[in-house]
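[1] Quick one, what's the 3D model for this:
(chains A and B)
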Amino acid sequence: MNQKLKNIFVTGAISPAFIGEKIAAHQSKTSIGGHSIFLGQVRADTIDNKQVVSVDYTSYEPMALELMAAIREMIIEKYSLNCMHVYHSLGKIWSGEICLFVFTSAPHRKDAIDACSETVERLKAELPIWGKEIFGDGSFQWKMNQPV
Amino acid sequence: MEIIMAVKIQLFGQLKQITGVPELTTDAGDTDGLVKEMAARFPVLENLNYLIAVDRTIVQANTLIRAGQELALLPPYSGG
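    Residues are numbered from 1 along each chain as shown, chains lettered A, B, ... in the order given. From the prediction side, this is the model:
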């Protein structure tokens, strides 16, 4: 695997403290005028009277990282971003926990917001990641992403 | 004549769960042959769509399989 590829995967949920630290780390980058943040949270859907208690995420990691690197390069250039950070959970994430953190920063708000939105849509559509929704009784189904 | 070598295929998501294994080997010479072989070995896959990645790139048209390539079968994505 290409060692230069940025790893987006974290084991387990993304903690609010981690998100706060990442925001704080940008205080020294004073050409930034706006950040946009998307946080994906595991939803406790009820399907056939059974409630989702967790989602177990797996990925074809080398391919996902290569694709994410290409998306990242394209989006940074398209929106003239100062920077972009993406984190996606792997493993079991309980409902209510954060499983995706996309953070874009630009001199002006519109670029930051549009870049964040496009990155979320593209990563959901293009990255080989799978979520297994686990119910309270131990049964499961494979998650299906909703269209925009 | 080219000698066909068994090529390793990684399975993910539902495919890994349904087949019960994280990887398989195939003697198929191309990706169409691989799809037929998978359907014969695992009839339950008939109703499951999946993509084939060769060296981490999705291939749509029939593609020759060569020894040393990295193959993977990818069911519909559900990240995020």
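
[2] how many neighbours does the spatially closest residue to residue A:44 that is not a sequence neighbour have?
    Excluding its sequence neighbours, the residue lying closest to residue A:44 (CB to CB, 6 or more residues apart in numbering or on different chains) is residue A:95, at 3.8 Å. Bear in mind the C-beta positions are built from the backbone N, C-alpha and C, glycine included. When neighbours are defined as other CB atoms under 10 Å in any protein chain shown, residue A:95 has 16 of them.

[3] Tell me which residues touch residue A:95, please.
    A:42-44, A:51-55 (CB atoms under 8 Å, 6 or more residues apart in numbering or on different chains).

[4] what do you get if the cut-off is 6 Å, keeping everything else the same?
    A:42, A:44, A:52-53 (CB atoms under 6 Å, 6 or more residues apart in numbering or on different chains).

[5] Show only the entries of those residues found in helices.
    Judged by DSSP state H, helices contain none of these.

[6] which of these lies closest to chain B?
    Closest approach to chain B among these (CB to the nearest CB): residue A:42, at 10.6 Å.

[7] I'd like to know how far the closest residue to residue B:6 other than its chain neighbours sits from residue A:63.
    Closest residue to residue B:6 apart from its sequence neighbours, by CB to CB, 6+ apart: residue B:25 at 4.1 Å. Plainly put, residue B:25 is 20 Å away from residue A:63 if you go by CB to CB, to the nearest Å.

[8] Which one's more surrounded, the two?
    Relative neighbour count places residue A:63 above the other of residue B:25 and residue A:63, with 21 against 11, counting by other CB under 10 Å.

[9] in what helix or strand does the more buried one lie?
    helix A:61-78 (DSSP states H and E).

[10] Residue A:13 contacts residue A:97, doesn't it?
    Yes - with contacts defined as CB atoms under 6 Å, residue A:13 counts as touching residue A:97 at a distance of 3.7 Å.

[11] Show me what from chain A comes close to chain B.
    A:40, A:60, A:63, A:66, A:100, A:124, A:127-131, A:142-143, A:145 (CB under 6 Å from any CB of the partner chain).

[12] From the contact counts, what lies against the helix or strand just after the helix holding residue A:63?
    Going down the chain from helix A:61-78, the next helix or strand is strand A:83-94, by DSSP H and E. Using 3 or more CB pairs under 6 Å, 6 or more residues apart in numbering or on different chains; DSSP states H and E, the elements in contact with strand A:83-94 are strand A:9-11, strand A:50-59, strand A:98-106.

[13] circling back to that earlier point, any idea how far the residue nearest to residue B:6 is from residue B:41?
    Distance, residue B:25 to residue B:41, using CB to CB: 11 Å.

[14] for residue A:7, same thing?
    Taken as CB to CB, the span from residue A:7 to residue B:41 is 34 Å.
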